[in-house]
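Student: Can you look at this prediction? I've put the sequence above it.
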Amino acid sequence: MAKHTFQTEVNQLLDLMIHSLYSNKEIFLRELISNASDALDKLQYLTLTDEKLKSLQFVPRIDIAFDSEKRTLTINDSGIGMNEQDLIENLGTIAKSGTKNFLSKLSGDKKKDSALIGQFGVGFYSAFMVASKIIVTTKKADSNEAFAWISDGSGEFEIEKCEKESQGSEIKLYLKDEEAEFLSRWRIEEIVKKYSDHIPFPIFLHYSETKEEGEGANKKEVKEEKCEQINAASALWRLAKKDIKDEEYKEFYKSLSYDTTEPLKWIHTKVEGSMEYTTLFYIPQTAPFDLYHANYKSHIKLYVKRVFITDDDKELLPTYLRFIRGIIDSEDLPLNVSREILQQNRILANIKSASTKKILGEIEGLQKDEESYEKFYKEFGRCIKEGVYSDFENKEKLLELLRFQSTKSEGKEISFKQYKERMIKDQKALYYLEGEDLELLKSSPLLDTFKKKDIEVLFFGDEIDAFVMPMVTEYDKMPLRSITSKEALEDLGEVKIEEKVQEKFKGLLEGFKEALGDEVSDVRLSARLVDAPSCIVESDDKNAAMLKMMRQMGLQDNAPESKPILELNPSHAILTQLLDSKDTGKVAQIAHLLLEEAKLLGGGKLKDVNAFVKRLNALLQESLKG
């Protein structure tokens with residue numbers, strides 16, 4: 001018998017499970033049945049595709065039995081089984097990033113932490129919520145050896161060789177005294193019906209029934225052993241929509257996704273003709289915890305003729321739709337399809353394209369209910385923006401789904417369509433201001449002229465906007481323009497500063513340029529400012545947008561910094577009073593301060609905060625003299 005120590009993360013999880021205050025402990029049975037179903041899926045696939053296993057006697061089933069006297073509950077499957085190494089890897093360590101992420105969210109408050117359990121598929125370890133000891137007896141389908149895994153969840157587990165006739169795994173739980181409810185035929189059947197009714201393999205419950213035999217003095221009680229199938233074992237997605245109740249759709253979603261909340265929407269499609277396939281997709285109410293992880297888990301299961309193929313292929317839907325949960329079941333793919341073939345398969349490419357359009361159509365339909373769409377967009381709006389960048393085929397559809405705040409939206413988000421419908425007469429473009437801080441954008445001096453002319457400006461204040469929106473040059477045949485662009489000023493007819501004003505400020509501009517050096521690409525007078533003394537705008541250099549995009553992509557080393565243009569308001573008192581100043585030192589100080597002020601108002605960061613503070617303090621001290 002070999003002793004092993006649990007990985008640190010497993011111990012954390014076990015401590016939570018064993019001491020959990022979680023009220024919904026019944027999910028442990030859902031988790032164990034789900035694992036058993038996965039094991040059956042894997043072996044079913046191999047018996048159809050692996051020559052060594054094609055002759056294996058395989059009858060896929062899950063059996064549940066309980067013993068009230070010994071206080072044991074046993075879940076048995078005829079699936080792929082495990083060898084010694086599998087036991088160590090699957091039941092001694094946590095390889096899945098999802099469970100590690102679950103642990104990272106723990107606060108240390110067991111009552112609060114236990115509420116997280118239902119949001120994550122924490123698998124096998126959830127059994128320790130109800131069991132004081134667990135024995136797993138297992139034999140891998142391609143092996144003659146069987147092993148027993150034993151643990152009380154206290155930090156160690158043991159593995160020893162044992163005897164087992166057929167392949168598969170038996171999990172025996174020794175229930176805690178207070179968990180007697182799970183030794184009831186009716187309770188087990190209730191849980192299976194609730195969570196696992198549509199597991200595509202039969203689940204049998206073994207139980208004893210006492211009945212009386214004989215008459216009179218010869219009457220006696222006899223125990224009769226019974227075995228009943230307690231789940232429908234039909235692939236729900238294969239049923240006709242008219243035969244499926246809403247509650248069944250919802251419960252299937254919960255078993256598929258481990259989500260305790262109901263789905264926002266489901267999309268059930270059956271296609272017949274040149275291609276035959278069925279899809280069942282769900283839109284969740286809330287974002288999955290790993291939505292923005294590079295190693296997110298796909299939650300689309302691929303079946304071929306009801307045979308499970310894979311659930312970790314991220315190519316089944318576009319990456320930006322990774323929040324979708326569901327099933328794709330094809331009649332036309334070969335059963336022995338490999339991952340490489342999947343990525344290049346024409347049939348799957350057609351299913352992916354049609355499914356994407358179908359899902360986007362349903363999301364579009366959500367817009368009819370403003371409150372529902374607002375909730376959806378709060379959770380998944382960033383993903384939709386990713387789609388604008390990556391899915392050229394559906395770009396126009398995706399643009400209709402975008403939402404932004406604006407100078408006239410009063411804190412609400414509006415669509416491009418709504419913006420266009422309320423444009424003023426003769427407006428030449430849709431205008432926007434982009435930055436990383438929404439509140440700073442709202443108070444930007446760059447808005448002054450547009451507000452004065454009653455022109456609405458959209459705010460692109462999400463971090464991803466800087467990466468995605470430069471790819472959008474127009475909406476519904478109308479140009480989309482940044483208000484910092486030269487074209488936007490030309491649209492307003494205010495791009496020119498009178499020559500006499502230019503001549504008047506020529507010396508001051510040169511003084512600013514000399515003081516600021518290579519911190520700016522240019523210093524010029526502004527036609528766009530009303531109240532503010534200065535602002536910065538992107539360089540007219542066509543490479544500036546590309547350099548900014550490279551930095552957004554994390555390619556800072558390869559992206560030299562784009563130098564902004566400093567624009568000055570020739571009507572502002574600070575500038576008019578500086579015209580007569582002979583103090584080049586003061587001019588230099590104010591040049592730096594106006595640049596730094598403009599950067600801060602534009603949501604940028606200062607390279608040297610100490611220098612900014614010293615300059616400001618020096619000017620304040622000077623203003624107090626005399």
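Tutor: Structure received.

Student: Was I right to think Ile300 contacts Leu316?
Tutor: Yes - here Ile300 reaches Leu316: they are 4.5 Å apart, a contact under C-beta atoms under 8 Å. Backbone N, C-alpha and C define where each C-beta goes, glycine included.

Student: Can you check which residues contact both of those two?
Tutor: Shared contacts of Ile300 and Leu316, defined by C-beta atoms under 8 Å, 6 or more residues apart in numbering, are found at Ile328.

Student: Any figure for the gap between the most centrally placed residue in the chain and Leu398?
Tutor: Of all residues in the chain, the one closest to the mean position by C-alpha atoms, centre = their mean is Leu291, 1.7 Å from it. Distance, Leu291 to Leu398, by C-beta to C-beta, to the nearest Å: 17 Å.

Student: now Ser184
Tutor: From Ser184 across to Leu398, the span is 51 Å (C-beta to C-beta).

Student: Please identify which of those two sits among more neighbours.
Tutor: Leu398 (23 against 13; other C-beta atoms under 10 Å).

Student: What residues of the helix or strand containing that one count as buried?
Tutor: Counting by DSSP states H and E, the element that carries Leu398 is helix 395-401. By 16 or more other C-beta atoms under 10 Å, the buried positions in helix 395-401 come out as 397-401.

Student: which residues make contact with it from outside it?
Tutor: Counting by C-beta under 8 Å, 6+ apart, 357, 360, 363-364, 367, 377, 384, 387-388, 391, 415-417, 472, 475 sit against helix 395-401.

Student: Over to stretch 147-165?
Tutor: Outside of stretch 147-165, the residues within contact range by C-beta under 8 Å, 6+ apart are 1-6, 11, 14, 17-18, 82-84, 87-88, 91-92, 128, 131-139, 145-146, 170.

Student: Leu302: what's its closest spatial neighbour, skipping adjacent residues?
Tutor: Leaving aside its sequence neighbours, Leu302 sits nearest to Ile309 (C-beta to C-beta, 6 or more residues apart in numbering; 4.6 Å).

Student: Pull the number of nearby residues for the one you found.
Tutor: Using other C-beta under 10 Å: Ile309 sits among 24 other residues.

Student: How about Val609?
Tutor: By other C-beta under 10 Å, neighbour count at Val609 equals 10.

Student: With the one 10 residues further on instead?
Tutor: Neighbour count of Leu619, defined by other C-beta under 10 Å: 14.

Student: measure it to Asp152 for me?
Tutor: From Leu619 to Asp152 the distance is 72 Å (C-beta to C-beta).

Student: picking that back up, what's the spacing between the helix holding Leu398 and its chain's center?
Tutor: 20 Å (C-alpha atoms, centre = their mean, to the nearest Å).

Student: For the next helix or strand after it, which strands pair with it and how are they oriented?
Tutor: Using DSSP H and E, the next helix or strand after helix 395-401 towards the C-terminus is strand 405-406. Within its sheet, and counting by DSSP bridges, strand 405-406 is paired with strand 457-460 (antiparallel).

Student: hmm, who's touching the partner strand?
Tutor: Outside of strand 457-460, the residues within contact range by C-beta under 8 Å, 6+ apart are 404-407, 414, 419, 430-435, 438, 441-442, 447, 450, 466, 469, 483.

Student: Type out the PyMOL command that picks the buried ones from the residues you listed.
Tutor: Typed into PyMOL, the line below selects the buried ones among those, using 16+ other C-beta under 10 Å:
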select buried, resi 404+405+406+407+414+419+430+431+432+433+434+435+441+442+447+450+466+469+483
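
Student: Out of the contacts of strand 457-460, list just those in strands.
Tutor: Mapping the contacts of strand 457-460 onto strands (DSSP state E) picks out 405-406, 430-434.

Student: and Leu516, what element?
Tutor: Per DSSP H and E, Leu516 falls inside helix 506-516.

Student: which residue lies farthest from the center of this protein?
Tutor: What lies farthest from the middle of the chain is Ala217; by C-alpha atoms, centre = their mean that is 69.4 Å.

Student: OK, contacts around Ser485?
Tutor: 537-538.

Student: 7 Å - rerun?
Tutor: Residues near Ser485 by C-beta atoms under 7 Å, 6 or more residues apart in numbering: none.

Student: how far away is it from Gly493?
Tutor: 15 Å.

Student: and what of His4?
Tutor: With C-beta to C-beta as the criterion, His4 and Gly493 are 77 Å apart.

Student: the more surrounded of the two?
Tutor: Between His4 and Gly493, His4 has the larger neighbour count (other C-beta under 10 Å), namely 16 against 10.

Student: neighbouring contacts of whichever strand or helix holds that one?
Tutor: In this structure, His4 sits in strand 2-5 according to DSSP H and E. Contacts with strand 2-5, where a contact means C-beta under 7 Å, 6+ apart, come from 88, 92, 155-159.

Student: ok, that strand: who's next to it in the sheet?
Tutor: Here strand 2-5 is paired, per DSSP bridges, with strand 156-162 (antiparallel).

Student: Next, the buried residues of the partner strand.
Tutor: Buried, per 16+ other C-beta under 10 Å, within strand 156-162: 157, 159.

Student: Averaged pLDDT, it. What do you get?
Tutor: For strand 156-162, mean pLDDT is 91.

Student: wait, isn't Val388 in contact with Phe467?
Tutor: No - between Val388 and Phe467 there is no contact under C-beta atoms under 7 Å: 10.2 Å.

Student: Quick check: next helix or strand after the lengthiest helix in the chain?
Tutor: If you go by DSSP state H, the chain has its longest helix at helix 27-49. Remark: after helix 27-49, the chain's next helix or strand is strand 62-67, criterion DSSP H and E.

Student: quick revisit: let's see the helix holding Leu398 as CSV, backbone CA atoms only.
Tutor: This file holds the C-alpha atoms of helix 395-401, laid out as CSV (Å, rounded to 0.1, in the frame of the first residue of the first chain):
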residue,chain,number,x,y,z
LYS,A,395,-19.1,42.5,-38.5
GLU,A,396,-22.2,44.5,-39.5
LYS,A,397,-24.4,42.3,-37.2
LEU,A,398,-22.0,42.8,-34.4
LEU,A,399,-21.9,46.6,-34.8
GLU,A,400,-25.7,46.7,-34.2
LEU,A,401,-25.1,45.0,-30.8
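
Student: quick one: average pLDDT of that helix?
Tutor: For helix 395-401, mean pLDDT rounds to 96.
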